[in-house]
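*Asks:* Need the 3D shape of this:
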Amino acid sequence: MKAEHMQTHAPGDHGVSLILATAIAATAIVGCQHMPRADVDASRAAGEAAGLGAPVEFIVVGPEGGPLNEPVGTGATLPLNDALRRAVTTDPGLQAALARVRIAMADAEQSRLLPNPVLSVVLRWGAGKPQIEASLTQEFVEALQIPRRSSMADNKLRQAAAEVVTVAIDVASEVRERYAAAQASAELVPLLRDRLVILERLVTIAKSRLDAGEGTRSDLAMLLAQVVELRVDIDQGVLAEREERVRLARLIGEPSSDASWTLDSWTAPSAELQSEARWIERALQHRPEIQSITWRLRALGDDEALAGLTPWEGANVGADFARDNASFAGPSVSTPIPIFDMGQARRARGMAEVVEARHDLTLARRKVVEEVRVAYQTMAASTANLARIRGELIPLQESRRQLAEAAYRAGQSDVTALFLAEQDLRLSQAKAIEVERRAATALVRLERAVGGPGVASTLMTSPAPGPGARSSEPPHQRRGASAPSPGL
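*Replies:* Numbering: from 1, shown residues only. So this is what the prediction gives:
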């Protein structure tokens with residue numbers, strides 16, 4: 001509403017007071033209208049998507065930001081579930097995304113409010129009595145835009161909430177991958193060291209044969225080269241584990257930690273998955289990136305609709321009262337004349353933004369399908385290879401080692417054949433660990449591709465122990481290998 005040029009010769013004029021009070025009351029009624037804001041619980045959605053089952057608490061930090069190392073203390077052990085919880089609840093990127101949700105909430109509340117009315121009072125002195133002019137102005141078109149503005153703000157709020165879920169599942173997936181990589185490296189290094197012991201014994205045998213005139217320098221040089229290569233592999237394995245532990249320390253909020261925790265025992269993931277088409281279908285429904293672009297499209301649609309009122313922004317309607325020698329009262333309208341700016345540029349911009357978002361949506365959907373298919377097929381291939389290694393290769397290598405040991409104990413061959421058989425068995429066990437790691441990584445990425453562990457759990461016909469599940473069996477038994485021979 002707008003009331004302006006209310007003029008009187010006496011401040012106490014009852015007509016002016018009545019009109020001014022009526023205008024203020026009408027403006028207050030319009031401005032106090034409140035539409036319910038979109039109901040979003042980004043904290044709970046993020047916790048469920050990351051597999052925590054509890055909301056992620058929003059943390060308010062001081063002017064200097066959060067602490068470099070979270071004051072949670074580093075224990076001697078770091079189970080996977082504990083690492084996930086600490087990473088998701090303390091990640092600064094996720095907290096920043098939650099802050100952006102609160103910004104969007106404030107914008108949604110603001111979009112439901114009219115701008116405050118403007119009251120102006122002018123006092124003039126001159127010939128005759130002092131004159132007082134009072135006006136109360138209020139934008140009219142903005143009142144008509146409130147439904148669209150609030151809808152656009154709500155859609156942006158939902159978009160911000162979807163982005164929180166995206167950050168949460170990214171953090172959870174990275175933690176699971178780093179944890180599995182550290183576990184696999186820790187499992188692989190002892191096998192490499194066992195192989196090194198065997199190779200060093202073969203080098204001793206080769207030197208003895210060369211000294212006795214029965215061997216060749218070529219055989220000795222080959223074995224020495226293999227020893228050096230294996231030592232390089234061991235150093236790389238130790239470094240890889242250390243790097244993964246340092247990255248894991250940063251993820252759980254303790255970048256300065258010595259990262260010497262005891263991790264869960266390594267167990268390769270195993271699960272019966274539903275069809276690839278089913279995974280793709282669920283991913284297209286639940287990926288937060290797709291949902292975020294969908295809400296962005298809806299917000300742009302609201303903005304495009306608002307562009308139609310651009311030429312009329314600033315229009316006012318109200319009642320005027322003036323008193324000079326006589327009193328006058330009546331309605332008034334103040335509106336722009338759309339001659340130069342009829343909103344065509346804003347509408348063109350809005351249409352271009354809508355088209356851009358539509359292409360982004362198509363791109364996101366295609367990437368989702370690609371990510372699901374790659375992870376699904378990698379998981380299936382790794383599972384098949386692992387079954388082949390466990391069911392065929394390792395049993396054959398064990399049988400070969402047993403035959404070599406029997407021949408050695410019977411005096412039918414020297415110890416070299418037994419050492420070589422034992423080395424090949426260790427090599428097959430190391431290959432199994434590498435394939436197990438690829439399968440674990442593929443499962444984590446498949447869960448990420450479908451929208452998080454919460455969505456993925458409904459697509460597995462049998463529970464899949466994630467990387468880091470505990471096992472009470474010794475490592476050589478879990479890999480399907482026999483215990484080392486006492487004679488070695």
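*Asks:* Helix, strand or coil: sort out Leu306 for me.
*Replies:* Of the three states, Leu306 takes helix according to DSSP: H, G, I helix; E, B strand; the rest coil.
*Asks:* Distance check, it against Gln110.
*Replies:* Leu306 sits 15 Å away from Gln110, going by CB to CB, to the nearest Å. Where you see a C-beta, it was placed from the backbone N, CA and C, and this is true even at glycine.
*Asks:* can you check Pro255 too?
*Replies:* 38 Å.
*Asks:* Now do stretch 58-74: distance to the chain's middle.
*Replies:* With CA atoms, centre = their mean, to the nearest Å as the basis, stretch 58-74 stands 20 Å off its chain's centre.
*Asks:* Quick check on Pro255 and Gln110: which one has the bigger neighbour count.
*Replies:* For Pro255 versus Gln110, neighbours defined as other CB atoms under 10 Å are more numerous around Pro255 (14 against 11).
*Asks:* That one is in what secondary structure piece?
*Replies:* Assigning secondary structure by DSSP states H and E places Pro255 outside every helix and strand.
*Asks:* Could you do Glu142 as well?
*Replies:* Element membership for Glu142, per DSSP H and E: helix 141-211.
*Asks:* List the buried residues of the very next helix or strand once past that helix.
*Replies:* Downstream of helix 141-211, the first helix or strand assigned by DSSP H and E is helix 217-251. By neighbour count with 16 or more other CB atoms under 10 Å, helix 217-251 contains the buried residues 219-220, 223, 226-227, 230, 233-234, 237-238, 240-241, 244-249, 251.
*Asks:* Taking helix 141-211 as reference, get the angle to helix 217-251.
*Replies:* In this structure, helix 217-251 runs at an angle of 150 degrees to helix 141-211, with axes from the mean of the first three to the mean of the last three CA atoms, to 10 degrees as the basis.
*Asks:* Which helix or strand lies directly C-terminal to helix 217-251?
*Replies:* strand 262-263.
*Asks:* That next one - which strands sit beside it in the sheet, and in what orientation?
*Replies:* strand 77-78 (parallel) (DSSP bridges).
*Asks:* neighbours around Ser111, how many?
*Replies:* Using other CB under 10 Å, Ser111 has 21 other residues around it.
*Asks:* Okay, Thr335 and Val415: tell me how far apart.
*Replies:* With the distance defined as CB to CB, Thr335 ends up 102 Å from Val415.
*Asks:* what's the answer for Glu142, then?
*Replies:* Noted for Glu142: a distance of 92 Å to Val415, by CB to CB.
*Asks:* buried set for stretch 428-435?
*Replies:* Within stretch 428-435, the residues scored as buried using 16+ other CB under 10 Å are 428-433, 435.
*Asks:* Just give me the closest of those to Trp261.
*Replies:* Each of those was checked against Trp261 using CB to CB; the closest is Ile433, at 20.1 Å.
*Asks:* Quick check: the closest one vs Asp170, distance?
*Replies:* Counting by CB to CB - Ile433 and Asp170 are separated by 26 Å.
*Asks:* which residue ends up closest to the midpoint of the chain in space?
*Replies:* Val167 (2.3 Å; CA atoms, centre = their mean).
*Asks:* Tell me the pLDDT of Ser173.
*Replies:* As predicted, Ser173 sits at a pLDDT of 94.
*Asks:* Point out where the stretch 151-300 of the chain drops to low pLDDT.
*Replies:* For the stretch 151-300 of the chain, not a single residue meets the criterion pLDDT under 70.
*Asks:* Now do the strands for the stretch 1-150 of the chain: every range, in order, please.
*Replies:* In the stretch 1-150 of the chain, strands defined by DSSP state E, counting those that start in this stretch lie at 2-8, 77-78, 118-124, 131-137, listed in chain order.
*Asks:* weakest of those strands in terms of mean pLDDT?
*Replies:* Ranked by mean pLDDT, these bottom out at strand 2-8, which scores a mean of 40.
*Asks:* So for Leu361, what's the nearest residue that isn't a sequence neighbour?
*Replies:* Ile293 (4.6 Å; CB to CB, 6 or more residues apart in numbering).
*Asks:* Contacts only, for the one you found.
*Replies:* By CB atoms under 8 Å, 6 or more residues apart in numbering, the contact list for Ile293 reads 357, 360-361, 364.
*Asks:* and of the residues you listed, the nearest to Gly452?
*Replies:* Taking CB to CB as the measure, Ala364 is the one of those closest to Gly452, at 16.0 Å.
*Asks:* any idea how far the closest one lies from Val164?
*Replies:* Going from Ala364 to Val164 by CB to CB gives 17 Å.
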